[in-house]
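Participant: no sequence for this one, just the structure:
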């Protein structure tokens, strides 16, 4: 999955979706944000067995796909990004997210442990 998104669009979407993440997840997958990129943009979703949140961020998607990234990690990273468009490449297990002048591998990634969400 590869996409380019404006920083403000990414941080708003991550912050809004991450509010639904549980403080202490019963299973590790519930602490993740599902990122699904397609021709419409990047949809970010979170689910904690009681509540769910989903938001679509406008993005230029080069390669469509889906991945789960640890929500708290992505929230912290999004706050530190420079004020410029963000180019993201998620190809498990070799993924990278920009963090200033460096590229950071996100914890999590595969969809193997993810069951169907409502």
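Facilitator: The structure has been received and is ready for your questions. In this text the structure is predicted, and so the values were computed from the model without any measurement.
Participant: just the element for the residue nearest the centre of the chain, please.
Facilitator: In the chain, the residue lying closest to the centroid (CA atoms, centre = their mean) is residue 35, at 4.5 Å. In the assignment (DSSP states H and E), residue 35 maps to strand 32-38.
Participant: pLDDT score assigned to residue 10?
Facilitator: Turning to residue 10, the model gives it a pLDDT of 92.
Participant: picking up where we left off before, and the strand holding residue 35, what does it pack onto?
Facilitator: Secondary-structure packing of strand 32-38 (3 or more CB pairs under 8 Å, 6 or more residues apart in numbering; DSSP states H and E): helix 7-18, strand 41-47, strand 60-63, strand 65-70, helix 71-80. Placement of C-beta: from N, CA and C, glycine included.
Participant: what pairs with it, parallel or antiparallel?
Facilitator: strand 41-47 (antiparallel), strand 65-70 (antiparallel) (DSSP bridges).
Participant: I'd like the mean pLDDT over it, please.
Facilitator: 91.
Participant: tilt between that strand and helix 71-80?
Facilitator: 60 degrees (axes from the mean of the first three to the mean of the last three CA atoms, to 10 degrees).
Participant: flag every buried residue along strand 32-38.
Facilitator: Across strand 32-38, burial judged by 16 or more other CB atoms under 10 Å covers 32-37.
Participant: ok, now stretch 66-81?
Facilitator: Within stretch 66-81, the residues that count as buried by 16+ other CB under 10 Å are 66-71, 73-75, 77-78, 81.
Participant: cool, stretch 42-61 as well?
Facilitator: 42-47, 53-55, 57, 59, 61.
Participant: any stretches of this protein with poor pLDDT?
Facilitator: Within the chain, the stretches with pLDDT under 70 are 91-118.
Participant: quick one on the thing from earlier: select, out of the helices and strands packed on strand 32-38, the one closest to residue 87.
Facilitator: Residue 87 sits nearest to strand 60-63 of all the helices and strands packed on strand 32-38, at 8.9 Å, using CB to CB.
Participant: show me what the closest one is packed up against.
Facilitator: Partner elements for strand 60-63 (3+ CB pairs under 8 Å, 6+ apart): strand 2-5, strand 32-38.
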